[in-house]
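S.K.: turn this into a structure:
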Amino acid sequence: MPVCVGAIDGTHIPIISPRENPADYHNRKGWHSIILQGIADHKMLLITICCISFTDVYVGWPGRTHDARVLADSDIYCLDPAYPLKKWLIKAFPNSVALSQEKRHFNHRLSSARIVVENASERLKGRWRCLLKRNDININTVSNVVLACCV
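M.R.: From the prediction side, this is the model:
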């Protein structure tokens, strides 16, 4: 994508049900998690399978939290559904209406461009297997573990 500096996405990191407010951490997939929001740039395509490259990460929100809320609280948000359309943030045309050929083509190109951040999340979890299964450490520590894996 021209003038695009990165793609943003969230991924869930499994955790044990916390003692305080466990319902907040119960995500739409049916298990407890915290959210890792990552931004990856186009160079991700050139990185080997062992390396992970995020230009920005933000971690720690409970798994039930909406992506737009996580974004709004992150450092990159100097700023509605996930993710909002802004001058600096592009999203696909909704598929709820009949799209023209041009809009379908745009959505396809945008999806192809943002695959880098999904790949970065998969590589992160592949390299640090502790992020794939339920983490049984204290909820106050798990964000630091995830950040350490990102670094």
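S.K.: from here on, just use CA atoms for contacts and neighbour counts.
M.R.: Will do.
S.K.: residues of stretch 20-40 that come out buried?
M.R.: By neighbour count, with 16 or more other Cα atoms under 10 Å as the criterion, the buried positions of stretch 20-40 are 24-27, 31-40.
S.K.: chain center to it: distance?
M.R.: 11 Å (Cα atoms, centre = their mean, to the nearest Å).
S.K.: mean confidence (pLDDT) on that stretch, please.
M.R.: Taken as a whole, stretch 20-40 has a mean pLDDT of 93.
S.K.: residues in contact with that stretch?
M.R.: 6-18, 53-65, 70-71, 116-117, 120-121, 143 (Cα atoms under 8 Å, 6 or more residues apart in numbering).
S.K.: just name whatever secondary elements the longest helix along the chain is in contact with.
M.R.: Identified as the longest helix of the chain according to DSSP state H is helix 101-127. In terms of contacts (3 or more Cα pairs under 8 Å, 6 or more residues apart in numbering; DSSP states H and E), helix 101-127 is packed against strand 7-14, strand 33-40.
S.K.: angle of that helix against strand 7-14?
M.R.: Calculated by axes from the mean of the first three to the mean of the last three Cα atoms, to 10 degrees, helix 101-127 forms an angle of 40 degrees with strand 7-14.
S.K.: report the distance from helix 101-127 to the chain centre.
M.R.: Average the C-alpha atoms of helix 101-127, do the same for its chain, and the two points are 11 Å apart (Cα atoms, centre = their mean).
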